[in-house]
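S.K.: Give the three-dimensional model of this entry:
(one chain, ligands or ions: 2)
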Amino acid sequence: SPSDPDLVERARAAKEKLGDKVFVLGHHYQRDEVIQFADVTGDSFKLARDAAARPEAEYIVFCGVHFMAESADILTSDDQKVVLPDLAAGCSMADMATAEQVAECWDVLTEAGIAEQVVPVSYMNSSADIKAFTGKHGGTICTSSNAKRALDWAFEQGEKVLFLPDQHLGRNTAVRDMGMSLDDCVVYNPHKPNGGLTADELRAAKMILWRGHCSVHGRFSLDSVNDVRERIPGVNVLVHPECKHEVVAAADYVGSTEYIIKTLEAAPAGSKWAIGTELNLVRRLANRFAPEGKEIVFLDKTVCFCSTMNRIDLPHLVWALESLAEGNLVNRIEVDKETEAFAKLALERMLALP
Ligand code: 13P
Ligand code: SF4
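M.R.: Numbering: from 1, shown residues only. Ligands and ions are numbered 1, 2, ... in the order given. Below is the predicted model:
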């Protein structure tokens, strides 16, 4: 839908008033009305790197979700302020692993006698507390664009990986990219005593997957893939690795949002694509590439947005920018010092991956 012209003008004016003091980051899942004001767009990895590369900006306005804003705060200097235009923009996957649950899991691994062999690898989509746990226990963060490199690194440090909190990214990377079998993976359920696993099962596993998932990508099924192949002969199926294993196994291409965009940029005219990721991005890509004769459809018949990404809308962005332009610091995301120190260790290990 077209943006309200009055709000567009107010956002433009507030940004102009702030000048170099503000840097606006936009994740690929953001609405069109918001993305038009982003100084840079990217996947989670690119945005983390870009936030760290702007030391002159006093304000980093993060159009994305809470864990991304936390990561930006951790990677920027203390006098830079990270602002999330709507504090309710969380991530249901990140909420599936709490610090208490993960500490309890570590006790279970310790009791099974395997904690020393386990290296935690945490997906970017996790709270700062979980990142700090990861740093404290010698692990690294990963995103969907470097998960294989993170796992390669982790298996040089230890024999087993505890992968938090997205079981699908963990399983897909282990099986699809690293040649492990499904039997090498077990799922730790934080809502069951001992994670629902016996000590023997834990000792036999190479990948201990946290029982978390993305509700948006969880909507795609093997049926969605089979249906679209029947409907559109010759279609290429391209999905995000947060999708279930059977969806990823049936797809032609798998990768992060940035990878999805690059793949479509390089695709020949006349090619057909079904994309399994969030709808704002898929719609934007369908419109962008239609004039080049690339047919792009959403993988599922029913639409799905990420409802928390969508919370950042133009009214919230205008409010944040105008407040900053008037000297009112609103919606600051600030990670406490101790958490920050350990979380930074884990994030820096990721940034140093080969
Ligand atoms: P990427 O942009 O890193 O592919 O991540 C997708 C996502 O779900 C972010 O929340
Ligand atoms: Fe979280 Fe899924 Fe939304 Fe990404 S798409 S922010 S993983 S709920």
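
S.K.: The helix or strand of the chain with the lowest mean pLDDT - contacts with which helices or strands?
M.R.: When the helices and strands of the chain are scored by mean pLDDT, DSSP states H and E, helix 44-52 comes last with a mean of 91. Judged by 3 or more Cβ pairs under 8 Å, 6 or more residues apart in numbering; DSSP states H and E, helix 44-52 is in contact with strand 22-27, strand 40-42, strand 59-63, helix 66-75, helix 337-351. For every residue, glycine as well, the C-beta is placed using N, CA and C.

S.K.: partners of the second one, with directions?
M.R.: Its sheet considered, strand 40-42 pairs with strand 22-27 (parallel) by DSSP bridges.

S.K.: how about the helices in the stretch 101-250 of the chain?
M.R.: Using DSSP state H, counting those that start in this stretch, the helices assigned to the stretch 101-250 of the chain run over residues 128-136, 147-157, 167-172, 199-204, 222-231, 245-250.

S.K.: and the chain, which of its residues are near ligand 1?
M.R.: Contacts of the chain with ligand 1, taken as Cβ under 6 Å from any ligand atom, map to 28, 43-45, 91, 125, 143-144, 214, 240, 242, 256-257.

S.K.: so what's the residue in the stretch 101-250 of the chain positioned nearest to ligand 2 up against?
M.R.: Using Cβ to the nearest ligand atom, the closest approach of the stretch 101-250 of the chain to ligand 2 is made by Cys214 at 3.3 Å. Shown in contact with Cys214 (Cβ atoms under 8 Å, 6 or more residues apart in numbering): 92-93, 125, 166, 168, 242.

S.K.: Go again with 7 Å.
M.R.: Neighbour list for Cys214: 93, 166, 242 [criterion: Cβ atoms under 7 Å, 6 or more residues apart in numbering].

S.K.: Low-confidence ranges, the stretch 201-350 of the chain, go.
M.R.: For the stretch 201-350 of the chain, no stretch has pLDDT under 70.

S.K.: near ligand 2, which residues of it show up?
M.R.: Applying Cβ under 6 Å from any ligand atom, one finds that the stretch 201-350 of the chain approaches ligand 2 through 214-216, 278, 306, 308-309.

S.K.: Filter the residues you listed down to just the buried residues.
M.R.: Neighbour-count burial (16 or more other Cβ atoms under 10 Å) is assigned, among those, to 214, 216, 278, 306, 308-309.
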